[in-house]
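Colleague: 3D model of this:
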Amino acid sequence: MSTTFQLDTSTSRANPTPAPMKRLTVPKIRLRKQDGVTAEPLVMLTAYTARQAQLLDAHCDMLLVGDSLAQVIYGLPSTIPVTLEMMANHGAAVVRGSYHSVVIIDMPFGSYEASKEQAFESASYLLKQTGAAAVKLEGGEAMAETVEFLNKRGIPVMGHVGLTPQAVNVLGGYMARGRSDNEADKIVADAKALDDAGAFAVVVEGVVEPIAIEVTKAISCPTIGIGASAQCDGQVLVTEDMLGMFDRVPRFVKKYEDIAGMIENTVKTYADEVRERSFPGPDQTYQPKK
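Modeller: Here you go, the predicted model:
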């Protein structure tokens, strides 16, 4: 029986134990959209660590190892400084912590734009190092040839149109896209080009809702919305955003919990108990055997 490894927290936080291989596949994700309709929307969240992957895996169809780890994990101002090695390290951890979801890894800025050959070298490195199933890259018509090149060589690709964070310096910020007719037409054309090139899904980010709906109707592969529309074929959010780990989040984020507040309150309780010497107590200390 094929196996993957999942960390068993009931025994040790570090020792892997085998779990049955029950992963979804890229073709199954692609086939969720039939004749322009996705009966059951696709669920995707970001993941950067093995434990996070464990907690998300059973509820998601896809886990995205996003270059958003730049801000979420490393405190960087943008995704631009992210390296292939950073993505590979976090990608491998997410694969180890999951067995159900399709794991997709963002191609970092500068790792694929120069040529199709550079993109293949970078993508193959990520898949070899991590065991992930696919990569994601930003850009539309300009990247269509690269998507086709990778797809024909056995590397599934998820596209990304609309607000593309790696191009923030060109776009001039993180504002919604598609408000002008020219920009709206370009977003639709970009998505069609990626679809025709063989992308198995396309992220539509920060796009005004009518254009997100138009894109979803215009292409045969699933669209994954983020700040787009509930009519997209699926949705993705940065997990830390929807859990309430940060005070400032994009408008399109719904905070489902206040995990930051829970952590702060818990740490305060711990600190108070340490300072008053009530922790550790009898249940957390070892006594001589009688």
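Colleague: tally of neighbours for residue 238?
Modeller: The tally of other residues near residue 238 (other C-beta atoms under 10 Å) stands at 22. C-beta here means a position set from N, CA and C on the backbone, and glycine is covered the same way.
Colleague: Local confidence estimate at it?
Modeller: pLDDT for residue 238: 97.
Colleague: Can you list the buried residues in stretch 207-227?
Modeller: 207-209, 211-216, 219, 221-227 (16 or more other C-beta atoms under 10 Å).
Colleague: er, stretch 185-197 actually
Modeller: Buried, per 16+ other C-beta under 10 Å, within stretch 185-197: 186-188, 190-195, 197.
Colleague: ok, and what's touching it?
Modeller: 139-141, 143-145, 147-148, 151, 159, 161-162, 177-178, 202, 204, 207, 211, 214-215, 218-221, 223 (C-beta atoms under 8 Å, 6 or more residues apart in numbering).
Colleague: Give me the distance from that stretch to the chain's centre.
Modeller: Counting by C-alpha atoms, centre = their mean, to the nearest Å, stretch 185-197 is centred 21 Å from the centre of its parent chain.
Colleague: do stretch 139-156 as well
Modeller: Distance, stretch centre to chain centre, for stretch 139-156: 19 Å (C-alpha atoms, centre = their mean).
Colleague: Export only the CA atoms of that stretch, formatted as PDB.
Modeller: Output of stretch 139-156 as PDB, limited to C-alpha atoms (Å, rounded to 0.1, in the frame of the first residue of the first chain):
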ATOM      1  CA  GLY A 139       0.700  36.300 -15.200                       C
ATOM      2  CA  GLY A 140      -1.600  35.800 -18.100                       C
ATOM      3  CA  GLU A 141      -0.900  35.900 -21.800                       C
ATOM      4  CA  ALA A 142       2.800  36.600 -21.200                       C
ATOM      5  CA  MET A 143       3.100  33.400 -19.300                       C
ATOM      6  CA  ALA A 144       0.800  31.200 -21.500                       C
ATOM      7  CA  GLU A 145       3.700  29.800 -23.500                       C
ATOM      8  CA  THR A 146       5.500  28.900 -20.300                       C
ATOM      9  CA  VAL A 147       2.400  27.200 -18.900                       C
ATOM     10  CA  GLU A 148       2.100  25.100 -22.000                       C
ATOM     11  CA  PHE A 149       5.800  24.200 -21.900                       C
ATOM     12  CA  LEU A 150       5.600  23.000 -18.300                       C
ATOM     13  CA  ASN A 151       2.400  21.200 -18.800                       C
ATOM     14  CA  LYS A 152       3.700  19.200 -21.800                       C
ATOM     15  CA  ARG A 153       6.700  18.200 -19.600                       C
ATOM     16  CA  GLY A 154       4.700  16.800 -16.800                       C
ATOM     17  CA  ILE A 155       4.400  19.800 -14.500                       C
ATOM     18  CA  PRO A 156       0.800  20.800 -13.700                       C
END
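Colleague: ok, how many other residues are close to residue 100?
Modeller: Count around residue 100 with other C-beta under 10 Å applied: 20.
Colleague: go on, residue 128?
Modeller: 10.
Colleague: one step back: just the ones of the buried residues of stretch 207-227 in helices?
Modeller: 209, 211-216 (DSSP state H).
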